[in-house]
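Asker: Build me a model from this:
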Amino acid sequence: FGRNRTANIEDLKRFAKTYNFEVKEISKQDIDDVAISSTKIRSAITEGQIHLANTYLSKPFVLTGKVVKGKQLGKSLGYPTANLQVKEDYKIIPQEGVYVVSAYIDSALHYGMMNIGHNPTIANNNRKSVETYFFDFSGNLYDKTIQIQLLKRLRNERKFNSLEALKSAMQKDEKYSKDFIKTLR
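Answerer: Residues are numbered from 1 along each chain as shown. The predicted model follows:
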């Protein structure tokens, strides 16, 4: 278990005695005749197959990070975003694209849409960003650490010919996201 398989079940049992927790060893898990493994889960996440990863995990995949100030470009388009700085450099970041997400902010559940990528329409850089626009939220998130659950992948990130074309695509993403969220309730 752990990063780079640095320990095994016997190590975990020893840790349990030291740190006072219980270990229950379970047999290999199958879902739809597929043997579930951390490798398959990581592959599903990196390939953007969030629904499959969530099925394997039995819960939504989560990105946790601190909200940091960005370039404020989303705000100028009418979509102010929370720019998530993921602290752990080993954390798996899903494939670039647009996702439907949820997060508890100040104990209230908020839904939104997340873009993971390089913002090719408005930026020409190699820095990958994780930006989330929360529907019906208007508070200040700067310097807060939040956990965002990825619920569904909508589409690939792409470069649009203009900011208006980008905004139009975001409006369609928002409508699709809200329609999807209605199916969850």
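Asker: contacts and neighbour counts: CA atoms only from here.
Answerer: OK.
Asker: which residue ranges form the strands in this protein?
Answerer: 30-31, 34-35, 61-68, 82-85, 97-105, 108-117, 129-134, 145-155 (DSSP state E).
Asker: which stretch in the ones you listed has the least confidence?
Answerer: Of all these, the minimum mean pLDDT falls on strand 30-31 (a mean of 52).
Asker: Just give the number of residues close to H118.
Answerer: By other CA atoms under 10 Å, 20 other residues sit near H118.
Asker: which residues touch it?
Answerer: The contact partners of H118, by CA atoms under 8 Å, 6 or more residues apart in numbering, come to N124, N125, N126, R127, K128, S129.
Asker: The fourth one and Y133, how far apart?
Answerer: Taking CA to CA, to the nearest Å as the criterion, R127 is separated from Y133 by 19 Å.
Asker: picking that back up, turn the contacts of H118 into TSV, columns for distance to M114 and neighbour count.
Answerer: Below are these laid out as TSV (distance: CA to CA, whole Å; neighbours: other CA atoms under 10 Å):
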residue	distance to M114	neighbour count
N124	19	9
N125	19	9
N126	18	10
R127	16	9
K128	13	13
S129	10	18
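Asker: so which two of those are the farthest from each other?
Answerer: Spatially, the most separated pair among those is N124 and S129, at 12.4 Å (CA to CA).
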